[in-house]
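# sequence and predicted structure are below.
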2 protein chains.
Amino acid sequence: MQFGIFGVGDIAPDPVTGYTQSEAERISNIVRIAQRADEVGLDVFAIGEHHNPPFIPSSPTTLLGHIAALTKNIVLSTSVTLMTTNDPVKIAEDYATLQHLAKGRLDLMVGRGNTVPVYPWFGKKIRDGVGLALENYNLLHQLWREDVVDWEGQYRTPLQGFTATPRPLDDVPPFVWHGSIRTPEIAEQAAYYGNGYFANHVLAPNFHFKPLVDFYRQRFEHYGHGRADQAIVGLGGQAFIAKRSQDAVDTFRPYFENYAVFRGMKLEDYMRDTPLTVGSPQQIIDKVLTFQEGFGDYQRQLFNVDSLGLPVETVLEQVELLGTEVVPVLRKELESRRAPGVPDAPTHASLVTARYGDAEPRQPRPNPNRGDNLSGPSPYHDTDASVQARFPAGV
Amino acid sequence: MQFGIFGVGDIAPDPVTGYTQSEAERISNIVRIAQRADEVGLDVFAIGEHHNPPFIPSSPTTLLGHIAALTKNIVLSTSVTLMTTNDPVKIAEDYATLQHLAKGRLDLMVGRGNTVPVYPWFGKKIRDGVGLALENYNLLHQLWREDVVDWEGQYRTPLQGFTATPRPLDDVPPFVWHGSIRTPEIAEQAAYYGNGYFANHVLAPNFHFKPLVDFYRQRFEHYGHGRADQAIVGLGGQAFIAKRSQDAVDTFRPYFENYAVFRGMKLEDYMRDTPLTVGSPQQIIDKVLTFQEGFGDYQRQLFNVDSLGLPVETVLEQVELLGTEVVPVLRKELESRRAPGVPDAPTHASLVTARYGDAEPRQPRPNPNRGDNLSGPSPYHDTDASVQARFPAGV
């Protein structure tokens, strides 16, 4: 079971002090938060992509590439990478580069995003959202698994003899989670490939997403990747923790009740009806155990603790409490409850073992060419022959 | 005067040992080389973008974001960032993010690139190359200087009320060099904006690029940025250094004469006719002094020392010799020859001073909005009123 934090790098005025962080401060602070998450032993740090204020993460791989150099063990991820408005070729390149730099400590969550104007800014139509997400991920999947790709689709210019460079680390692509909160087609695609399925599980009634998760589990089994209860599920959640329950509520209330999205709501009602937990470490633990009862065994729990204009020192305390008081107990509890045969979330190490066993992983070494990718017999010393067959040799 | 190294992250078999680095090794080695360049006091580390084997830098900002965390003083740059096949919106976002992470230690070189098939891979036509480079840079320039951009052009989908996030660090965009080896339109554009002009100066007869550099200088003066001899010029160069001249030639010859591009050429002829220098530190120094005589005072000299399949330990030695034996002497020599009034290359610090004097730089702080960039009166607390006028307030 993996535990971590996720966010979208939003900037909001602190309702208590009135202070708004600058973009420069927010970027530095996010780097500090990721470092602290690594230091206290959390498993995952994930940040979501946006292309508009008040958000700063418009270039997740640049930010995560930096964080990779400043952290040791934590897996870096996204929440989400936009599969609708990014070119899948650039995603293949950006995240393979990041995977190398992070020495495999990378996976990513792909999704459609929910910011309407981003589609026209990048020349797309929102009514193509599902089609774009499906086609683009299909291409990304292929680009990371075949040295040479010929491809034609509906939404992107065709590719002939294209090699996405660098190839993934150890020729094992980053594990992918499909983030979705309403689209069965996305759950179906995740199941088809045996990829992970992530239900954001924030801003929603408790167990609102259970039908989608169950559907993904059934389809995962249908496609032969294992039993339904062995499918790879991740959940979001929002928490605010203090040693004493009442301190948590008192501190968090002004942030919650003054935030635009929640205005007019009462904190206690929202805590009862949604995954948000505000309280002592034990209360957070108890709430997460209800997730496990409702959704079944799952592999990844991410908490949103860095939003609503909370000051960075408060967020760092949250990360600390998660890492020291909440997660160690949850790890033990959930491990003891887990049904036999339910796997952990894949990591680079587990994927390398699954592919190669005890053998040495492939390390792609390019052949000399004129730099145009069209002048050699194949781009790498050991490109698989079946793939070479589609390469325009002798051009 | 700035000195540094530049390369394109190519992988080639070592002709002496027969060994070809894997992409994974090459990426790690490039990070080591950048760190060494920083340690020995070089001013600039630049890496060029490619999207095909045998090159690894398909995602320069991811790589440089990582290097930024592992270096202290060196300016990070590119050689080049493709202005033809990248979306200028993504360039604005990626490099502004990198500029924040590098705390201002960033500039970039934009150019057309010279890999023919990259155009169709990204849905572009090579015959539009110059038009794409000009229009895309114009948009990039605007995106970094206006909080809200309405834009329409020939090659990209229009933008309405778009804000590139994050805003540049201190609201001062990264300095841009235009790299070009044959196109007067590009030199003209560099001069128009008062940007830098970089002549690659590798693989070329000595002073082949002087007419383009002179043209850029004249147009720089024409547009009112200063005298022609104050224009901001950078030059490339290729060097291989050993304490004793003959050792340099003996070591380098098999790398040079076995490399596909140079096959059939004699090293000595190439050294005489082109900027390549192979020899002692003093010989490198003497050659660079001829560049200054021929091109006039200039601001940046980059050396290509990491190519042709040279093993990483050899490249690290080259960086060491450059930093300890060559550059300190050149700094002193060129400084003493420089005409009065010729400026240094701009840095983030100098650009901040030029813009703000002793005042505090602007730190953009976003206003709350629904995340769609269309619901507030302006995206930042202090967006300039003339720019707000174009923002669709009240939408």
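Here it is on my side, so go on.

# for the stretch 201-350 of chain A, which residue gets nearest to chain B?
As assessed by CB to the nearest CB, chain B sits closest to residue A:260 within the stretch 201-350 of chain A, at 5.8 Å. For glycine as for every other residue, the C-beta is placed from the backbone atoms N, C-alpha and C.

# show the contacting residues for that residue.
Applying CB atoms under 8 Å, 6 or more residues apart in numbering or on different chains, we find residue A:260 in contact with B:368, B:370.

# is the longest helix seen in chain A positioned near chain B?
Secondary structure of chain A read by DSSP state H shows that its longest helix is helix A:23-39. Yes: residues of helix A:23-39 contacting chain B under CB under 8 Å from any CB of the partner chain: A:23-25, A:27-28, A:31.

# show me what whichever helix or strand comes after that helix is packed against.
Sequence-wise, the next helix or strand downstream of helix A:23-39 (DSSP states H and E) is strand A:44-47. In terms of contact count using 3 or more CB pairs under 8 Å, 6 or more residues apart in numbering or on different chains; DSSP states H and E, strand A:44-47 is assigned the packing partners strand A:2-7, helix A:23-39, helix A:60-70, strand A:75-78, strand A:300-303.

# now render these as CSV, adding mean pLDDT and mean neighbour count.
Converted to CSV, those look like this (pLDDT from 0 to 100; neighbours: other CB atoms under 10 Å in any protein chain shown):
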stretch, mean pLDDT, mean neighbour count
strand A:2-7, 98, 24
helix A:23-39, 98, 21
helix A:60-70, 98, 27
strand A:75-78, 98, 28
strand A:300-303, 98, 27
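
# nearest to residue A:87, of these?
Residue A:87 lies closest, by CB to CB, to one member of the helices and strands packed on strand A:44-47: helix A:60-70, at 13.3 Å.

# quick one: the helices in chain A, in order.
Along chain A, the stretches classed as helices by DSSP H are A:23-39, A:60-70, A:88-101, A:118-121, A:129-143, A:184-193, A:210-222, A:245-257, A:267-273, A:281-295, A:312-321, A:327-337, A:348-356, A:385-388.

# reformat those as JSON lines; add distance to residue A:304.
What follows is the helices of chain A, written out as JSON lines (distance: least, CB to CB, whole Å):
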{"stretch": "helix A:23-39", "distance to residue A:304": "12"}
{"stretch": "helix A:60-70", "distance to residue A:304": "16"}
{"stretch": "helix A:88-101", "distance to residue A:304": "22"}
{"stretch": "helix A:118-121", "distance to residue A:304": "21"}
{"stretch": "helix A:129-143", "distance to residue A:304": "22"}
{"stretch": "helix A:184-193", "distance to residue A:304": "21"}
{"stretch": "helix A:210-222", "distance to residue A:304": "19"}
{"stretch": "helix A:245-257", "distance to residue A:304": "12"}
{"stretch": "helix A:267-273", "distance to residue A:304": "14"}
{"stretch": "helix A:281-295", "distance to residue A:304": "13"}
{"stretch": "helix A:312-321", "distance to residue A:304": "10"}
{"stretch": "helix A:327-337", "distance to residue A:304": "15"}
{"stretch": "helix A:348-356", "distance to residue A:304": "25"}
{"stretch": "helix A:385-388", "distance to residue A:304": "41"}
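
# ok, back up a step: looking at the helices and strands packed on strand A:44-47, which is closest to residue B:132?
With distances scored as CB to CB, the stretch of those nearest to residue B:132 is helix A:60-70 (23.1 Å).

# one step back: the longest helix of chain A packs against which elements?
Using 3+ CB pairs under 8 Å, 6+ apart, helix A:23-39 is in contact with strand A:2-7, strand A:44-47, helix A:60-70, helix A:312-321, helix B:88-101.

# the ones you listed: which one's closest to residue A:156?
Of the helices and strands packed on helix A:23-39, nearest to residue A:156 by CB to CB is helix B:88-101, at 15.0 Å.

# identify the residues contacting residue A:205.
Counting by CB under 8 Å, 6+ apart, residue A:205 touches A:273-274.

# what about residue A:380, distance to residue A:149?
According to CB to CB, to the nearest Å, residue A:380 stands 13 Å off from residue A:149.

# more crowded one of these two?
More crowded of residue A:380 and residue A:149, by other CB atoms under 10 Å in any protein chain shown: residue A:380, with 26 against 21.

# tell me the pLDDT of that one.
Residue A:380 is assigned a predicted lDDT (pLDDT) of 93.

# cool, residue A:82 as well?
97.

# number of nearby residues for it?
25.

# can you tell me which residues contact it?
A:49, A:110-113, A:118.

# get me the contact residues on the stretch 101-250 of chain A for chain B.
Going by CB under 8 Å from any CB, the residues of the stretch 101-250 of chain A near chain B are A:101, A:115-117, A:120-123, A:156-157, A:159-167, A:169-170.

# so how far is residue A:22 from the closest residue to residue A:16 other than its chain neighbours?
The spatial neighbour of residue A:16 that comes closest, neighbours along the chain excluded (CB to CB, 6 or more residues apart in numbering or on different chains), is residue A:254 at 5.4 Å. Distance from residue A:254 to residue A:22, counting by CB to CB: 22 Å.

# neighbour count: these two, which is higher?
residue A:22 (21 against 15).

# does residue A:55 really touch residue A:12, like I thought?
No: using CB atoms under 8 Å, residue A:55 makes no contact with residue A:12, being 10.4 Å away.

# those two: which is more packed in?
residue A:55 (24 against 20).

# contacts only, for the more buried one.
Contacts of residue A:55 (CB under 8 Å, 6+ apart): A:8-11, B:165, B:371.

# now, among these, which is nearest to residue B:228?
residue B:165 (37.7 Å).

# need the pLDDT of the closest one.
97.

# residue contacts, it?
A:23, A:50-53, A:55-56, A:58, B:93, B:96 are the contacts of residue B:165 under CB under 8 Å, 6+ apart.

# redo that, cut-off 7 Å
A:51-53, A:55-56, A:58, B:93 (CB atoms under 7 Å, 6 or more residues apart in numbering or on different chains).

# identify the farthest-apart pair in those residues.
A:53 and B:93 (12.0 Å).

# who has more neighbours out of the two?
residue A:53 (29 against 24).

# ok, back up a step: distance to residue A:218 added to the helices and strands packed on helix A:23-39, as TSV?
Below are the helices and strands packed on helix A:23-39 laid out as TSV (distance: least, CB to CB, whole Å):
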stretch	distance to residue A:218
strand A:2-7	23
strand A:44-47	26
helix A:60-70	31
helix A:312-321	36
helix B:88-101	38
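
# for residue A:361, which of those is the nearest?
The nearest among those, by CB to CB, is helix A:60-70 at 19.6 Å.

# roughly how far is the closest one from the heart of the chain?
Helix A:60-70 has its C-alpha centroid displaced from the chain centroid by 14 Å (CA atoms, centre = their mean, to the nearest Å).

# does it reach chain B?
Yes: in terms of CB under 7 Å from any CB of the partner chain, part of helix A:60-70 sits within range of chain B, namely A:61-63, A:65-66, A:68-70.

# what sits against the closest residue to residue A:324 other than its chain neighbours?
Among residues not flanking residue A:324 along the chain, residue A:40 sits closest, at 6.1 Å (CB to CB, 6+ apart). Residue A:40 sits next to A:319-320, A:323-324 when contact means CB under 7 Å, 6+ apart.
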